[in-house]
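Engineer: next input, structure requested:
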Amino acid sequence: MPPLALRLTAAPLRSTSLLSALLAPSALLKSTTPPSNTLFVANLSFEANQRQVEDAFRPYNVRGVRLMTDRETGRPRGFAYAEFATVEDAQAALQAMNGADISGRSLRLDFAQSERRSPQARTPQGPKNPPSNTLFIGGLSYSASEDMIRQAFSNCGEIKSVRLMVDA
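Structural biologist: Residues are numbered from 1 along each chain as shown. As a prediction, the model looks like this:
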């Protein structure tokens, strides 16, 4: 089977609010993010376009929608930001449209986090992982081999092990 990812070592997974929300989408109904006039729109179909999303939010005075795309490929990333005229309009849209269907997918909505957050707000809460000598690399080519990985990282020091994960 072709490799999907490389794991040079393992680090413990820490639960985050985003991970919890992904595992339990109903958690997004109780937003912990302060209200703002911009909503984070998740679980968008890759076929959804800007007009469809704007039309869905038009009854709530949407000012604009930014569909996020991959910088290199230009392909949709499956989420967007919708800006509304007021915080109240965004709150109404959140209550009415969370779970609504656009192009066959149920939307998950939350207030967008401010881009001007302090460095402390950007760091995950809870205990930090201890230093590790494990490196995880995702998105490898299907043709990647253990020898190729060893050669690519040979100037970084001794490599004790390389484990290529494969799709089962």
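Engineer: give me the element residue 67 is part of.
Structural biologist: strand 62-69 (DSSP states H and E).
Engineer: buried ones in that strand?
Structural biologist: Judged by neighbour count (16 or more other CB atoms under 10 Å), strand 62-69 contains these buried residues: 62, 65, 67. C-beta: built from backbone N, CA, C; applies to glycine.
Engineer: ok, it: who's next to it in the sheet?
Structural biologist: Applying DSSP bridges, strand 62-69 is found paired with strand 76-84 (antiparallel).
Engineer: poorly predicted segments of the protein, please.
Structural biologist: Scanning the chain for pLDDT under 70 picks out 1-32, 115-128, 167-168.
Engineer: okay, strands next: where are they in it?
Structural biologist: Remark: strands assigned in the chain by DSSP state E are 3-7, 38-42, 62-69, 76-84, 101-102, 105-106, 108-111, 136-138, 163-166.
Engineer: who's in contact with the fourth one?
Structural biologist: So that's strand 76-84. 37-46, 48, 53-54, 57, 60-70, 90, 93, 112 (CB atoms under 8 Å, 6 or more residues apart in numbering).
Engineer: what angle separates that strand from strand 38-42?
Structural biologist: 160 degrees (axes from the mean of the first three to the mean of the last three CA atoms, to 10 degrees).
Engineer: buried ones in strand 76-84?
Structural biologist: Of the residues in strand 76-84, those buried (16+ other CB under 10 Å) are 76, 80, 82-84.
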